[in-house]
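Colleague: predicted model follows, preceded by the sequence.
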Amino acid sequence: MPTFVYMTRCDGCGYCVDICPSDIMHIDETYRRAFNIEPNFCWECYSCVKACPQNAIDVRGYADFAPLGHSVRTLREEDKGTISWKLKFRDGREKSFVSPIRTTPWGSIKPPGEYERPSPDALKSQELAHEPDALHVDKLPAMTSKRGAV
Amino acid sequence: MIDINPFAVLSDTVSPALMQTFVALMAALVAAGTVFDLLHKKSARYFFQNARRNRGDRVLDTGEKAALAAKTVVVDWLAAGEFCNARRRLAHLLTMYGFLAYAISTVVMVFAYPTPDTQTPALWPMAWHLGAFLICAGGIWFWFFIRVDVSAEGHSPFRVVRADLFVLSLLANAALALIWSWLQWSGSEWTNVALGLYLFSAMVLFGSVPWSKFSHMFYKPAAAYRKRVEDANGSRANLPAPADAASTLGSARTPPSHY
C-alpha cells in the first residue's frame, strides 16, 4: 500500500522527505512537489501521511486486494496531541477514531542527547541506558552467578 | 535613478509601439502557455472530476460560496495563508508583491508614459524599482536558504533542476531590470548589452510557462478555494473531522532539516 501525493495540496515543504524512514519520499525535479520515488519499498508506516501539514499524502491499496474506493486517512493535530483516523470500507461503512500522540507537553521529555554520557563500565552492566533512574525505581532485579558477579 | 522611467528614456532609440508590442506579446505568451498547460496536463479535467467526487453531504448556497471565495482571496492569495512555514510565507509574499508591483508598473509606464513628453509620476518608476528589488530579496532568500532541495533534501544551493526555471528566470529578469536601469542612468556603454539580456530573460520567463511553475499563480488559488469548499460541504477529501479535544500542548513542529 504505497503512498502517493495530491499535487494540488502539496506545497513542497519537505516534512515527508525529513521523516520517511525508508528515504523514499523526495522532491520532484520538475514541479518541486513531493513524490514517492519507490512505491515497492514503502512499508505503509504512515509517518509522512501524519507529518504532512497540508494533508496532501494518501495511501493507495494495491489493485489486487483493495480496489473500489476504500481509504484510510489521518489528521494529526499536534496542538491537541491527537491523531484522528477515518477508515472507509469498500462496502461503504465508515469507522472513525482518535488516538493520542502523547499526553505530556512537547519538550517535557528529555531527549537522549541531553543525558550524561554513560561510562564505558556501564556497557558491562545488565541494565539498559539510564536504568534504573529513568524507570523511577531504586534498583532493578538482576541475575547473579555463584561467584557473585552481576 | 529610482524615480526615472527607463522606458521613456529608451524611447529615444526604440519606438514606443515596439515596446508595447513586446509587452503585449509577453502577456499573450502567458495566456497561451497557461491554456496549453491546462489542456496538456488535463488539470481542469482533474479539478472538476475531483469536485464531483467530493460533493459532501451539504449543498453550499451562493452566499456561502462567495464568502469562501472572499476568504480564499484574502487569506490564501493575498496573505499566502496556505504556507505552513513562516519563512517560506514571508519569502513568497516578498516575491509576489514585488512581482505585482513590477509587472503592473511596467504595463503602466510602457502604455501610459512611453516617452519623456508625458511626465511619468514618480510613483510608477519607484514601484518598478522597488518591485524588482523585492523579487530579488525574496527570490535569493528562497533560492539559497528556504528551497526544499536545499533545506530538506540537503542538496547544494547551486544544483539547478527544471523546477528552478520559473524562480531563476524571474530572479534574472528582476536583477537585469535593475542593472539595465542603473547602467542607463549612469550612461554606461554596456546599457544595450544589459537591455538585450533583460529582454531575453523576459522571453524565457513568459515564454516558458508550459515547462515552468509560472502558472501556479492561477492554479493555486483555485485549489485553495476547492479545499475550503470541501471543508465546508463535509467531504473534507475523506479526511477525518478535527478531534474534539482542547488545544493544550502547543505545536512541536521543527524545520524539516534532519538530512
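Modeller: Noted; the coordinates are in hand.
Colleague: contacts, neighbours, all on C-alpha from now
Modeller: Noted.
Colleague: how many neighbours does A:Trp43 have?
Modeller: 12 (other CA atoms under 10 Å in any protein chain shown).
Colleague: correction: A:Phe41
Modeller: 13.
Colleague: I'd say it and A:Ser22 touch.
Modeller: Yes. Using CA atoms under 8 Å, A:Phe41 is in contact with A:Ser22, at 7.2 Å.
Colleague: quick one, grab the pLDDT at A:Lys146.
Modeller: The model reports A:Lys146 with a pLDDT of 68.
Colleague: ok, the one 3 residues further on next?
Modeller: We note a pLDDT of 53 for A:Ala149 in this prediction.
Colleague: A:Cys45 now?
Modeller: Predicted confidence (pLDDT) for A:Cys45: 92.
Colleague: and the gap between A:Glu114 and chain B?
Modeller: 17 Å (CA to the nearest CA, to the nearest Å).
Colleague: how about the residue minimising distance to the centre of chain B: what's its closest non-neighbour residue?
Modeller: In chain B, the residue lying closest to the centroid (CA atoms, centre = their mean) is B:Met96, at 4.8 Å. Leaving aside its sequence neighbours, B:Met96 sits nearest to B:Ile135 (CA to CA, 6 or more residues apart in numbering or on different chains; 7.4 Å).
Colleague: can you pull the phi/psi pair for the one you found?
Modeller: Here is the backbone geometry of B:Ile135 (degrees, to the nearest 10): phi -60, psi -50.
Colleague: thinking again about what came up before, what is the mean pLDDT for the helix or strand the residue nearest to the centre of chain B falls within?
Modeller: In the assignment (DSSP states H and E), B:Met96 maps to helix B:86-112. For helix B:86-112, mean pLDDT rounds to 95.
Colleague: mind listing what's buried in that helix?
Modeller: Within helix B:86-112, the residues that count as buried by 16 or more other CA atoms under 10 Å in any protein chain shown are B:88-103, B:105-107, B:109-111.
Colleague: how about stretch B:188-204?
Modeller: For stretch B:188-204, by 16+ other CA under 10 Å, it's B:191, B:194-195, B:197-198, B:201-204.
Colleague: now it, how far from the chain's geometric center?
Modeller: 22 Å (CA atoms, centre = their mean, to the nearest Å).
Colleague: who touches that stretch?
Modeller: B:26, B:169-170, B:172-173, B:176-177, B:179-180, B:183-184 (CA atoms under 8 Å, 6 or more residues apart in numbering or on different chains).
Colleague: what do you get for stretch B:134-153?
Modeller: By CA under 8 Å, 6+ apart, stretch B:134-153 touches A:12-15, A:17-18, A:26-27, B:87-88, B:90-99, B:155-157, B:167, B:170-171, B:174-175, B:256-259.
Colleague: can you name the two of the contacts of stretch B:188-204 that sit furthest apart?
Modeller: Farthest pair in those (CA to CA) is B:Met26 and B:Leu183. Separation: 24.0 Å.
Colleague: can you give me the helices in chain B?
Modeller: B:6-10, B:16-40, B:43-53, B:62-71, B:86-112, B:123-141, B:148-151, B:165-186, B:191-207, B:216-232 (DSSP state H).
Colleague: on contacts alone, who are the packing partners of the longest one?
Modeller: If contacts are counted by 3 or more CA pairs under 8 Å, 6 or more residues apart in numbering or on different chains; DSSP states H and E, helix B:86-112 sits against helix B:6-10, helix B:16-40, helix B:123-141.
Colleague: packed most tightly, which of these would that be?
Modeller: Mean neighbour count (mean count of other CA atoms under 10 Å in any protein chain shown) peaks for helix B:123-141 among the helices and strands packed on helix B:86-112, with a mean of 22.
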